[in-house]
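Asks: I'll drop the sequence and a predicted model, then ask my questions.
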Amino acid sequence: MNFLAHLLLSAHDEALMVGNFMADFVPNRVVNTLPEPVQRGIHMHRFIDRYTDNHPLVRQATRRLHARHHKYAPVLVDVYYDFLLSQNWSRFAQMPIEDFSEQAYEVLLRHRLLMPPRLQERLDRMVADDWLRRYRTLDGMRHVFARMQRYVSRPEWLEGAVDSLIAQRPLLEQEFLIFFSEVQKVLAGRYPVV
């Protein structure tokens with residue numbers, strides 16, 4: 001899953017949100033130097049990633065996309081899950097997505113100085129371009145994949161990503177709705193908000 005899902009799964013806990021956002025940008029040797037509640041968010045993010053990568057429905061979705069998109073198939077699923085989350089937002093969240101996005105940006109900006117410089121720059125771009133709400137549209141997804149193509153070793157494997165996802169939307173959405181309900185339940189038991 002991508003930024004939107006990780007932030008929502010943080011259950012409005014600021015430290016969990018910050019850690020969840022930072023996790024992919026903080027090496028293990030640095031994690032213990034951060035405030036304990038932020039460390040908890042980093043551990044939560046990494047648990048979510050492991051849980052997602054090993055979930056049978058996610059693996060099934062990835063396998064279907066692999067022939068055309070090869071090693072980027074899991075990336076397509078991650079991004080598309082944020083799109084599907086935004087399309088089914090009211091099933092999983094109480095607050096409208098517009099309000100949630102604004103709140104998430106405020107929280108992350110408030111804790112910006114905890115982040116490595118590279119992530120601070122990414123956060124600035126994220127807020128300026130409103131990435132969290134951009135996931136709601138197919139054009140937004142096209143923008144995400146076009147941006148990715150500039151940085152990957154095999155950009156041609158991302159060609160037609162949105163078309164592949166649209167073609168499989170009914171099945172991907174059905175799998176996502178089951179998977180996301182399950183991950184919410186697992187996290188509620190493992191990372192209760194105190």
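Replies: Happy to help now that I have it.
Asks: check what pLDDT the residue nearest in space to the middle of the chain gets.
Replies: Closest to where the C-alpha atoms of the chain average out (C-alpha atoms, centre = their mean) is Asn2, at 1.4 Å. Looking at Asn2, its pLDDT is 85.
Asks: residue contacts, it?
Replies: By C-beta atoms under 8 Å, 6 or more residues apart in numbering, Asn2 lies in contact with 78-79, 81-82, 135. (Glycine included, C-beta is placed from N, CA and C.)
Asks: 10 Å instead?
Replies: 75, 77-83, 85, 131-132, 135, 144 (C-beta atoms under 10 Å, 6 or more residues apart in numbering).
Asks: what sits against Ile42?
Replies: By C-beta under 10 Å, 6+ apart, the residues touching Ile42 are 16, 18-26, 28, 30-31, 34.
Asks: tell me which element it falls in.
Replies: Assigned by DSSP states H and E, Ile42 falls within helix 36-54.
Asks: still on that earlier bit, now the residue nearest to the centre of the chain: closest residue in space, sequence neighbours ignored.
Replies: Asp82 (4.3 Å; C-beta to C-beta, 6 or more residues apart in numbering).
Asks: after whichever strand or helix holds the one you found, next one along is what?
Replies: Taking DSSP H and E as the definition, Asp82 sits inside helix 73-87. Later in the chain than helix 73-87, the nearest helix or strand by DSSP H and E is helix 89-92.
Asks: quick one: furthest residue from the center of the chain?
Replies: Outermost in the chain, C-alpha atoms, centre = their mean: Thr33 at 24.3 Å.
Asks: surely it touches Pro116?
Replies: No: applying C-beta atoms under 10 Å as the test, Thr33 and Pro116 come out as separate, 11.6 Å apart.
Asks: any idea how far Glu98 is from the nearest residue to Tyr72 once chain neighbours are set aside?
Replies: Spatial nearest neighbour of Tyr72, chain neighbours left out: Trp157 (5.0 Å); criterion: C-beta to C-beta, 6+ apart. Separation of Trp157 from Glu98 (C-beta to C-beta, to the nearest Å): 34 Å.
Asks: ok, the two, which is more surrounded?
Replies: Taking neighbours as other C-beta atoms under 10 Å, Trp157 and Glu98 compare with Trp157 leading, 18 against 13.
Asks: where is the longest helix in this protein?
Replies: Counting residues, the longest helix in the chain under DSSP state H turns out to be helix 169-190.
Asks: tell me which residues in that helix are buried?
Replies: Buried positions in helix 169-190, judged by neighbour count with 16 or more other C-beta atoms under 10 Å: 172-173, 175-177, 179-180, 183, 187.
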